[in-house]
Every structure is written in structure tokens, then in C-alpha cells.
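**Student:** this one's sequence-less:
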């Protein structure tokens, strides 16, 4: 979404729709991973708390960082680069999580 908005801002509605699907889908996938990785209900609670705490911390700090970068540089390019990098980190993390053997299989 961020790269599309930066490169073709006139298609903002399309990028917003893609971003909404990506955000909602990512949220669901994260909690499916949490439930799939938990062997017992007791395992689910601390893992879910960690994931939610980390996610909400990043989500609350990111707008301030992107806004500060925009004020500092006068452009949105650095903020978009950070958001694109975060999306790539999420993609890589998801691919690694899928490739690790499932604990219930042991």
C-alpha cells in the first residue's frame, strides 16, 4: 500500500482498499498462528499477550516516528520506506513461522 501510494497517489482509493484487506488479513493470520502454535491453552495465553503487546506498541509508536521523519525531511519517502520495510519483515516472519515444524506434530 505505501509503495503504491507513493508511486501513484492518484490511485489512493485502490491502495486504501488493498491496505485494509492487508491489515485485517494480517491481524487474523497472526492470531491463527498463535492458536496453531499453542499446544495447550496455557501456552496460548502468554504467547497471545506477547504478540498483542508488541503489536500495539509498534502500532502506537509508528505514526509518531513517520510524522517526525516527515517534519524532519519535508518528504514522505523515508516514512514510506519504513512502512515498506515493516511489511517485508512481516512477510519474512510469516514465511519463517510457516516453515518451522508444528509443535503438535511431535
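**Tutor:** Looks like it arrived, so ask away. This is a predicted model, so every value here is computed, not measured.
**Student:** so how far is the helix ranked longest in the chain from its chain's centroid?
**Tutor:** Looking across the chain with DSSP state H, the single longest helix is helix 41-73. In terms of Cα atoms, centre = their mean, to the nearest Å, the centre of helix 41-73 is set 9 Å apart from its chain centre.
**Student:** name the helices or strands packed onto the helix or strand just after it?
**Tutor:** Once helix 41-73 ends, the next helix or strand along the chain (criterion: DSSP states H and E) is helix 77-99. Here helix 77-99 touches helix 2-7, helix 12-37, helix 41-73, going by 3 or more Cβ pairs under 8 Å, 6 or more residues apart in numbering; DSSP states H and E. Placement of C-beta: from N, CA and C, glycine included.
**Student:** Which one, of those, ends up nearest to residue 99?
**Tutor:** Evaluated with Cβ to Cβ, the helices and strands packed on helix 77-99 place helix 12-37 nearest to residue 99, the distance being 12.2 Å.
**Student:** buried ones in that closest one?
**Tutor:** For helix 12-37, the neighbour count (16 or more other Cβ atoms under 10 Å) marks 15, 19, 30, 33-34 as buried.
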